[in-house]
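Participant: quick one, what's the 3D model for this:
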Amino acid sequence: MTDQQNLNVAAVVDGDCVLSLDGRTGLSMLPATEPWPDLAEIAKASGVATVLPLGPARRLTDPGAVIHVVAGHGPPSLAGTSWTPLDSLGGRDVPAAVTDVITATLDEHHGTARRPAQRPDWFRHGWLDEADAWIDECVADAGLRRAGPIVPARLWSLSAVLSTPVEGVNGETSVWFKATCDWFRAEASITGVVATFAGAHVPTLITIDHERAWMLMEQLSGPDLYGRTEFAPMAATAIADIQIRAVDHVPSLVAAGCPDRTLQPTIEEFRRLVHDSVELDLLTPDERATAIEMEPWVAERTGELFDSGLPFTVTHGDCHLGNVAVDGNHVVVYDWTDACVSHPFIDGVHLVRSAGDDHHDAIKAAYTAPWRESYGADIDRAWDLAKFGDRVFQAISYEAIYRAQEKSSRWEMAGVVAGTLRQLGTEFRSADRTTPGS
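Facilitator: Predicted coordinates:
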């Protein structure tokens, strides 16, 4: 292992033992490096029924590896596998840095070591039992019956998603639980408000625990559109419909915790970003100087977007095909963690970035048609300005996410802010700086 780089490693633990594969290192090698592990893949590769992350994934530079420490219980089903005491890993060619991550994660999970600041609750010992009990109560109140244990879907630094099989009047299905980190804790309340005027286009909420930022939802009726670009125009129409309906509900959205990301807050946050971003050290001195110099130019261009004659409304903030599901003609937009009150077209152009430029014209036509009917603004100009505005918007969003994460988790989405500042700086320095680019 010590000669390999960029490994994706799962350490499956039970108490103070680590699963040993064929008597070798005690570590499962996985094919893809992601900030969240494919829990089903780890379980299959390890021969255990269910695994649950005990802490966020850690990236090491020496050795180059991403370490996922997960709990797995019971005898492994794969031939040649066994549980190995953690203190015996040193004799199995496991680098000390990897063993240290496993040990620290276990200690933090069990509370025998101080938990890092900003670590989410779902990595705490006993949290899953609390969530399970709450789901039981909610399922019973909804007139459903549990049909099996919780199935962890994703647990990482920003959210925890679990599914639970249930039986109801229409047979067996699943309900979905989601918890969010403190930065995104308004998601459930925002989704609930959007449901009051666009319920067909958002997940059906069974119940919300506002204090803990938990929500339980019915299963979506169709798959998400990740990679299904042919459905992007349909998604665009649904998003525009939600936003036009939301114009009259902005006060309720703000009361639910929807952040104000209109012009002045955007300019202020961009100023903070160019002077104090956590990623400034990724830029050269010349790039940092350019970022500061271009601040008035960015403010001017952003002002043009917000003065384009369209109303502020709910903006999803992360409008890509992986956050949209379609069943026939029924479109559901979910994962409202980044929702805010801002310029609507940021969502439309971001959807194009998700689907690809080949779909630009079809998405633009579908998205802007309802706005052309409802508002007498220069729609085409607003659309072009939004291509610039979306990059500014996303840089601010990612900066906020970095600051909400514990420092050792910032690698998960690192580079977005620095890359955007670099891209904007190149455009600023170009010969023609009068028209926002795409």
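
Participant: surely L128 is in contact with V51?
Facilitator: No - in this structure, L128 is not within contact of V51 by C-beta atoms under 8 Å, at 11.9 Å. C-betas here are computed from N, CA, C, even on glycine.

Participant: the two: who's more crowded?
Facilitator: Between L128 and V51, counting by other C-beta atoms under 10 Å, V51 is the more crowded of the two (27 against 17).

Participant: show me the contacts for that one.
Facilitator: For V51, the residues meeting the contact criterion (C-beta atoms under 8 Å, 6 or more residues apart in numbering) are A10, V12, P37, L39, I42, A43, V70, A71, G72, P152.

Participant: closest to E304 out of these?
Facilitator: Closest approach between the contacts of V51 and E304, by C-beta to C-beta: P37, at 43.5 Å.

Participant: buried residues in the helix or strand containing H68?
Facilitator: Assigned by DSSP states H and E, H68 belongs to strand 64-72. Neighbour counts over strand 64-72 (16 or more other C-beta atoms under 10 Å) mark A65, V66, I67, H68, V69, V70, A71, G72 as buried.

Participant: residue contacts, the closest residue in space to E187 that isn't next to it in sequence?
Facilitator: Once flanking residues are discounted, E187 sits nearest to T337: 4.8 Å by C-beta to C-beta, 6 or more residues apart in numbering. Residues near T337 by C-beta under 8 Å, 6+ apart: L158, S159, T180, F184, E187, G317, D318.

Participant: so which of the contacts of V51 are in strands?
Facilitator: Among those, the ones falling in strands (DSSP state E) are A10, V12, V70, A71, G72, P152.

Participant: where does the stretch 1-150 of the chain dip in pLDDT?
Facilitator: The stretch 1-150 of the chain contains residues with pLDDT under 70 at 1-7, 21-37, 91.

Participant: which residue ranges of it form helices?
Facilitator: Along the stretch 1-150 of the chain, counting by DSSP state H, counting those that start in this stretch, helices occupy 39-46, 96-110, 127-141.

Participant: same check, this time on the stretch 151-300 of the chain
Facilitator: 187-198, 232-246, 250-255, 263-276, 285-293, 295-306.

Participant: nearest to A369, out of the ones you listed?
Facilitator: Using C-beta to C-beta, the helices of the stretch 151-300 of the chain put helix 232-246 closest to A369, at 7.5 Å.

Participant: mean confidence (pLDDT) on the closest one, please.
Facilitator: Average pLDDT, helix 232-246: 96.

Participant: and stretch 205-221, by the same measure?
Facilitator: For stretch 205-221, mean pLDDT rounds to 93.

Participant: center of this structure - which residue?
Facilitator: In the chain, the C-alpha nearest the mean C-alpha coordinate belongs to L158, at 6.4 Å (C-alpha atoms, centre = their mean).

Participant: hang on, that residue packs against I401?
Facilitator: Yes - at 7.1 Å, L158 counts as touching I401 under the criterion of C-beta under 8 Å.

Participant: common neighbours of the two, please.
Facilitator: When contacts are counted by C-beta under 8 Å, 6+ apart, L158 and I401 have W183 as shared neighbours.
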